[in-house]
Structures are given as C-alpha cells and as structure tokens.
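A.B. asks: build me a model:
(one chain, ligands or ions: 1)
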Amino acid sequence: MKNSIKLYPFYDDNGKSLDYVHVSEHFTLGEFKNACFHLPTENIVNVPIPLDLLYAMDYLRKTLGKPIIINSHFRTLAYEKQKGRSGRSQHVLGKAVDLRGEGLVELLATAVKEKNEVYKKLREFGVNAIGLYYNFVHIDVRPAKILGGLYYWDDRGKKKKRDDDAVIDWSLWGVVGISLLVILKIFSYVKKNRK
Ligand SMILES: [Zn+2]
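C.D. replies: Modelled structure (predicted):
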C-alpha cells in the first residue's frame, strides 16, 4: 500500500504503554516514541508512521546486518519553531527518519553513487530523499520530484547542517525554462517568416 500512513497510539485503553509492540519486523513502537520531539506542554499520545518508510527501514536493517538506531522521527511544528526551524521539514509530517548504525552512512553513500540494488530498492519503497551526515542518515518518503529524481544532499564534514526542507526540486524550473526557450524560438521563427 503506497503512501499509507498509520497512526500508532502510545498507550492502550487502560493507559498501559505499548512500547514493546513491533510496528515492523525490526522496530518497536518504543523506538519511534523515543525519537519523537515535542514541547513539554504538548500532549503527544500517538505518532504517524508511513508503511513505505517502515519497509525501507526494515530493508536497510536487513541489508546492513547490524542494529539501526532511530535518532529522530516525528517532530511537532511547535518544537521545530522553538528550535528556529522553518517547520516545513518532512519530520513534522512523520515522513522522515534520521538513522544511525555502523556502516550505514557508507551504505547509503555507495547506493547513491552507484545506483545499485540498495538504491533501486529504496526508491521502490518510496524513499524520495536521502541526506548524508557525518554520523547519521536522513531518509524520507515525500512526493517524488517532477521528473522522478532523488532529493539528495551530502553534508558530511560541513559545519552547518542543512534542514531537509531546504532542498529544492530544480527539475521543475528546468522544465519551465526549456518550455520558455521553445516558445521564444517558435515566436522568433514566426516573426522572421512574416517579413
Ligand atoms: Zn532528518
């Protein structure tokens, strides 16, 4: 089921914690809860998790063959604003995860570089953005670029880390630009032949 997001409550009807519940083969609800960031005044009792993201995470865990830790998943708008961020991050929609694990950054760096099996599988799962950092990776399942390309950034070794909302789909402007050029060409051709 593409693009389906499930809302997982943190507690059952009796108020008992559901942290132990497996939301996928390798990940528990508790791991997502610990990666949830909000203001102390906000009462967050459930978290949205896209199925595509879960499949991608399970695949990465299996391929890596080592534990993967969720640094960050869902972040509320109020939390982002308090941190001075735009609030347009995919984390606010629960569509993004920051993950760390031994060899994970290298695995994804190679995938993007070589467009290998890992890359193809991740794209099939609907991963449309990959960000590399020194000791973690960001993946998210935002809508694809207009020409299907991947949103990608490599901030390893950079002092100022980019927010995932700062990455733009330039292909749209490419399409607009080329269309404009074609229109101008036709226009000048018509004008020339009139004389
Ligand atoms: Zn992130």
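
A.B. asks: excluding chain neighbours, what is closest to the residue of the chain found nearest the ion?
C.D. replies: When scored by C-beta to the ion, the chain has His138 as its residue closest to the ion, at 3.4 Å. No exception for glycine: its C-beta is placed from N, CA and C like everyone else's. Nearest residue to His138 in three dimensions, chain neighbours excluded: Gly131, at 3.7 Å (C-beta to C-beta, 6 or more residues apart in numbering).

A.B. asks: doesn't that neighbour fall inside a strand?
C.D. replies: Yes: with DSSP: H, G, I helix; E, B strand; the rest coil as the criterion, Gly131 is assigned to a strand.

A.B. asks: a helix runs through Tyr189, doesn't it?
C.D. replies: Yes: under three-state DSSP, Tyr189 falls within a helix.

A.B. asks: that one - how many residues pack around it?
C.D. replies: By the criterion of other C-beta atoms under 10 Å, Tyr189 has 10 neighbours.

A.B. asks: repeat for Lys33
C.D. replies: For Lys33, using other C-beta under 10 Å, the count is 19.

A.B. asks: kindly report the same for Glu102.
C.D. replies: Neighbours of Glu102 under the rule other C-beta under 10 Å: 12.

A.B. asks: before we move on, the earlier item: helix or strand: which one has the residue of the chain closest to the ion?
C.D. replies: Using DSSP states H and E, His138 sits within strand 137-140.
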